[in-house]
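Visitor: Here is my input, please return the structure:
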Amino acid sequence: MLDVNKIREEFEEELIGFRRELHMYPEISLKEFKTTEKIKAKLTELGIEILDLGMETGVVGLLRGKENGPTIALRGDIDALPIYELNNVPYRSRIDGVMHACGHDIHTASVLGAAMILSKMKEQLKGNAMFVFQPAEEINKGAKLMVEKGLFTKIKADLIFGLHNNPEIPWGKIAIKRGGLMAAVDTIHIKVKGKGGHGAIPDATRDPIVAAAAMIMSLQTIVSRNVSPLDSAVISIGTFNAGTANNVISELVDMSGTVRSFKPETRQMLPKRIKEVLDYTAKAYMVEVELDYIFDLPPVYNSSEMADLAYKAAEEIVGREGIVDPTPTMGGEDFSIFMEKVPGFFFWLGVGNKDMNYVWHNPRFNGDERAIVIASTVMSNMVFHGIEYVNKKKN
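Guide: Residues are numbered from 1 along each chain as shown. From the prediction side, this is the model:
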């Protein structure tokens, strides 16, 4: 069994140093060039093979075990956000206006830690470990791009495990959830076209701003009246652009928003109802409306079988008392793209303490670094359990 205390003594200082290096020099989505080189250098030091997907950023490493067997993938995302950091710490971001405000530096260090642990245990591996360092999670493009470039087709994997830190969960805890953990993510773009004119003569216009305002209010009734109170969905309009002067009624309104859901049937119902509400509201206000509905990401849904595997692997490291059953979030994760291709499991890593409890994307976000070694050890154990699980299924 893996001993987290021995692993902490051996690897923690190096992993925290690596995480802080990433934190000081963050890079935004699809611009993670130096981050990519740092990861490649570390994997090469460990004797891990670098697999080329023909991508400018992101890394895939493969550790071949003693025996030819299943390949278990571990995924960590690597990109940062365009946020100015307000933390007063020695490893504060040196790049103005860019910050690891979602903790992807923690994820990267955690997966690298698993690579370090497993490379030392190579002789015990009855299969292979794949390390997927994914770019561009924040813009929902990285997982899709890696799949398009041949991940899981050119490079086969039997299972994949991923993690995300959670500052609302104390460090030392692992959150294991059966079923939906993170929501499906869809995007809507709405154009409302009316007849512009003078603000003092509204009767000579067909006001798209008034119509759009009515649309926004009416859209909220879909969740309250068409979605079961026992289900979950969100429709939020995030941008509203119209007009050029205070006394001019515009011809056009452009809006965009996000739509979140868990159940497949709810996700299929939402675009139909959104279009109906927009069309009938437009008719009532004598304007035209166009809807562009984009299905971005499926939900992160953990099967019971994979949850049992993950629970056992985590329990052996943190004990039963170290595992929590989290409340799902309507936030999304493009790890779900990988789960469409390969059976997988996604868990949350507790990184909170009394001083570090700011939520994701906050300029004061930070995480307790003692959690990194726990994540690395748990993920390493998931590789061993994953190999055993696949072998049993095959036999």
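Visitor: if I pick the residue nearest to Gly97 when sequence neighbours are not counted, what's in contact with it?
Guide: Leaving aside its chain neighbours, Gly97 sits nearest to Tyr84 (5.2 Å; criterion: CB to CB, 6 or more residues apart in numbering). To be clear about C-beta, it is placed using only N, CA and C from the backbone, and glycine gets the same treatment. Contact partners of Tyr84, counting by CB atoms under 8 Å, 6 or more residues apart in numbering, are Asp96, Gly97, Met99, Pro363.
Visitor: Can you show me the strands along the stretch 251-395 of the chain?
Guide: 252-261, 288-297, 300-302, 323-324, 344-352 (DSSP state E, counting those that start in this stretch).
Visitor: go on, the stretch 101-250 of the chain?
Guide: Under DSSP E, counting those that start in this stretch, the stretch 101-250 of the chain gives strands at 128-134, 159-170, 174-175, 179-182, 184-193, 197-198, 233-242, 248-249.
Visitor: Deepest in the core, which of those strands is it.
Guide: Among the strands of the stretch 101-250 of the chain, the stretch with the highest mean neighbour count (mean count of other CB atoms under 10 Å) is strand 128-134, at a mean of 28.
Visitor: Return the list of strands paired to it, each annotated with direction.
Guide: Strand 128-134 has the following strand partners under DSSP bridges: strand 59-64 (antiparallel), strand 71-77 (parallel).
Visitor: Single out the most deeply packed of those strands.
Guide: strand 71-77 (a mean of 28).
Visitor: Point to the residue nearest the middle of the chain.
Guide: For the chain, the residue nearest the mean C-alpha position is Glu333 (2.9 Å; CA atoms, centre = their mean).
Visitor: For this structure, which segments count as helices?
Guide: Counting by DSSP state H, the segments of the chain that form helices are 4-24, 33-45, 104-120, 142-148, 208-226, 264-284, 304-318, 335-341, 370-394.
Visitor: pretty sure Val210 is touching Tyr285, no?
Guide: Yes. Between Val210 and Tyr285 there is a contact under CB atoms under 8 Å: 6.5 Å.
Visitor: Any idea which of the helices of the chain gets closest to Pro135?
Guide: helix 142-148 (4.5 Å; CB to CB).
Visitor: Measure how far the closest one is from the centre of its chain, please.
Guide: Relative to the chain's own centre, helix 142-148 is displaced by 13 Å; criterion: CA atoms, centre = their mean, to the nearest Å.
Visitor: Please list the outside residues in contact with it.
Guide: With CB under 8 Å, 6+ apart, helix 142-148 has contacts from 29-30, 53, 55, 58, 60, 77, 79, 132, 134-137, 153, 334-338, 341.
Visitor: redo that, cut-off 10 Å
Guide: 29-30, 32, 53, 55, 57-58, 60, 75, 77-79, 132-137, 141, 151-153, 155, 162, 296-297, 333-342 (CB atoms under 10 Å, 6 or more residues apart in numbering).
Visitor: Kindly report the same for stretch 192-201.
Guide: Against stretch 192-201 from outside (CB under 10 Å, 6+ apart): 203-215, 242-255, 278, 281-282, 285-290.
Visitor: Format the CA atom coordinates belonging to it as PDB.
Guide: Written as PDB, here are the backbone C-alpha positions of stretch 192-201 (Å, rounded to 0.1, in the frame of the first residue of the first chain):
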ATOM      1  CA  VAL A 192     -33.100  40.800 -31.600                       C
ATOM      2  CA  LYS A 193     -33.900  43.100 -34.600                       C
ATOM      3  CA  GLY A 194     -36.500  45.800 -34.400                       C
ATOM      4  CA  LYS A 195     -37.000  49.200 -36.000                       C
ATOM      5  CA  GLY A 196     -34.900  52.000 -34.500                       C
ATOM      6  CA  GLY A 197     -35.900  55.600 -34.100                       C
ATOM      7  CA  HIS A 198     -36.000  58.600 -31.700                       C
ATOM      8  CA  GLY A 199     -36.300  57.900 -28.000                       C
ATOM      9  CA  ALA A 200     -39.000  60.500 -27.700                       C
ATOM     10  CA  ILE A 201     -41.100  58.900 -30.400                       C
END
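Visitor: before we move on, the earlier item: present the strands paired with strand 128-134 as TSV; the columns should include mean pLDDT and distance to Arg20.
Guide: Shown next, in TSV, are these (pLDDT from 0 to 100; distance: least, CB to CB, whole Å):
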stretch	mean pLDDT	distance to Arg20
strand 59-64	98	19
strand 71-77	98	16
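Visitor: Ok, which of those strands comes nearest Arg19?
Guide: That would be, of the strands paired with strand 128-134 and by CB to CB, strand 71-77, which comes in at 11.1 Å.
Visitor: May I have the closest one as CSV, with CA atoms only?
Guide: This file holds the C-alpha atoms of strand 71-77, laid out as CSV (Å, rounded to 0.1, in the frame of the first residue of the first chain):
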residue,chain,number,x,y,z
THR,A,71,-3.2,1.9,-19.7
ILE,A,72,-4.6,4.2,-17.1
ALA,A,73,-4.6,7.9,-17.8
LEU,A,74,-4.4,10.8,-15.3
ARG,A,75,-5.4,14.2,-16.4
GLY,A,76,-4.4,17.7,-15.1
ASP,A,77,-5.2,21.0,-16.8
